[in-house]
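Just need the structure, nothing else, for what follows:
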Amino acid sequence: YDGKCVFCRIARREEPGTALLPCEYEDLVCFRDIRPGAPHHYLVVPVEHMGNCKTLKTEHIPVVKRMMEVGKAVLQRNNFSDLNDVRMGFHWPPFCSISHLHLHVLAPVSQLGFLSRLIYRVNSYWFIT
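Reported below is the predicted structural model:
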């Protein structure tokens, strides 16, 4: 736990302004992005402080898979079912504003604005899916 990390504080319910969404896993939390790039823009975050996506190793594959499951589930609970019009990914350092692993879940991709299409571009130098 890093008390200076906003995502650690959110995960421990220490940020009353951030509503947590229902999540199937106790080791993950999900909430709306404060600067949404799409009508549905959620972040899925491990409760335990983890570095950015560059620190991921083979043993982290199960947690990343669970993060994606949570992303799909939150979309479906919010009546979004076209999983072909979804983008999930991580910002690649140094392009991540918070150094706590967080998966961006965006939908519908077809409605991303010009700037969001750049910021969340598939497998660019700054965003990996």
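
Wasn't residue 79 part of a helix?
No: using DSSP: H, G, I helix; E, B strand; the rest coil, the assignment for residue 79 is coil, not a helix.

what number of residues lie near it?
Residue neighbour count, defined by other CB atoms under 10 Å, stands at 7 for residue 79. C-beta here means a position set from N, CA and C on the backbone, and glycine is covered the same way.

what do you get for residue 25?
16.

ok, and the closest non-adjacent residue to it?
Closest residue in space to residue 25, ignoring its immediate chain neighbours: residue 66 at 5.4 Å, by CB to CB, 6 or more residues apart in numbering.

Identify each buried residue in the helix or strand hosting that neighbour, please.
Residue 66 is part of helix 61-77, with elements assigned from DSSP states H and E. Neighbour-count burial for helix 61-77 flags 63, 64, 66, 67, 70, 71, 72, 73, 74, 75 (criterion: 16 or more other CB atoms under 10 Å).

who's in contact with the next helix or strand after that helix?
Under the assignment DSSP H and E, the closest C-terminal helix or strand after helix 61-77 is strand 87-91. By CB atoms under 8 Å, 6 or more residues apart in numbering, the residues outside strand 87-91 that reach it are 52-53, 68, 71, 96-97, 101-107, 109, 112, 120, 122, 126-129.
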